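Asker: Sequence isn't available, so here's the structure alone:
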Ligand SMILES: [Zn+2]
């Protein structure tokens with residue numbers, strides 16, 4: 001421990017064990033001042049060594065914990081592409097309470113075409129995967145909205161494939177009988193639905 005002489009402010013480093021446990025008088029070797037010093041308490045020293053023990057014991061489990069957190073973090077982040085490659089893992093992720101959701105950031109609807117002839121509306125298009133990994137295809141929501149904003153039809157569509165290769169597409173097509181004006185808006189949106197419930 002360090003002792004500072006209250007008179008000349010000289011700092012001395014002394015061995016804790018050199019002090020009597022109940023404290024004692026010390027004499028400054030520089031200015032000869034004498035003052036009382038209490039020894040650092042035994043409990044304080046015990047606490048410190050306990051803490052050191054705890055830290056030493058914690059070091060390995062903490063490293064393992066960090067590793068597990070890192071791996072599960074990576075698994076968490078990559079569970080989309082991973083389960084697209086290995087669909088059998090979906091149930092494992094679901095078992096961990098992690099839903100697999102299509103990553104709408106990497107999916108886009110392309111070549112959307114709609115035709116309306118003889119009361120039959122036909123809608124076709126593609127879902128494109130812009131990612132460099134296989135992606136889960138997302139279900140789609142078809143909506144037909146009249147000019148006065150009336151919702152004429154709303155229907156869930158399922159694309160042809162569950163998975164889309166990197167840079168690839170999957171097709172979708174729907175045909176339904178409907179009374180609509182040719183000015184009606186036909187919308188198709190990707191649904192961010194969890195594959196936990198929607199293994200289409
Ligand atoms: Zn002194």
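Answerer: Done, it's in. The structure displayed is predicted, hence computed values, not measured ones.
Asker: Which parts of this structure are strands?
Answerer: 2-4, 11-13, 24-27, 34-37, 107-117, 120-129, 135-136, 140-145, 151-157, 163-164, 169-177, 185-190 (DSSP state E).
Asker: which outside residues touch the second one?
Answerer: Contacts made with strand 11-13 from outside it, assessed by C-beta atoms under 8 Å, 6 or more residues apart in numbering, are listed as 1-5, 28-29. (Each C-beta comes from the backbone N, C-alpha and C, glycine too.)
Asker: mind listing what that strand pairs with, with the direction of each?
Answerer: strand 2-4 (antiparallel) (DSSP bridges).
Asker: which phi and psi does residue 21 have?
Answerer: Backbone torsions of residue 21, given as degrees, to the nearest 10, read phi -60, psi -30.
Asker: Hmm, it is touching residue 38, no?
Answerer: No: contact criterion C-beta atoms under 8 Å: residue 21 and residue 38 do not qualify, at 9.5 Å.
Asker: and the closest residue to residue 132 other than its chain neighbours, what does it touch?
Answerer: Among residues not flanking residue 132 along the chain, residue 166 sits closest, at 5.0 Å (C-beta to C-beta, 6 or more residues apart in numbering). Applying C-beta under 8 Å, 6+ apart to residue 166 gives the contacts 129, 131-135.
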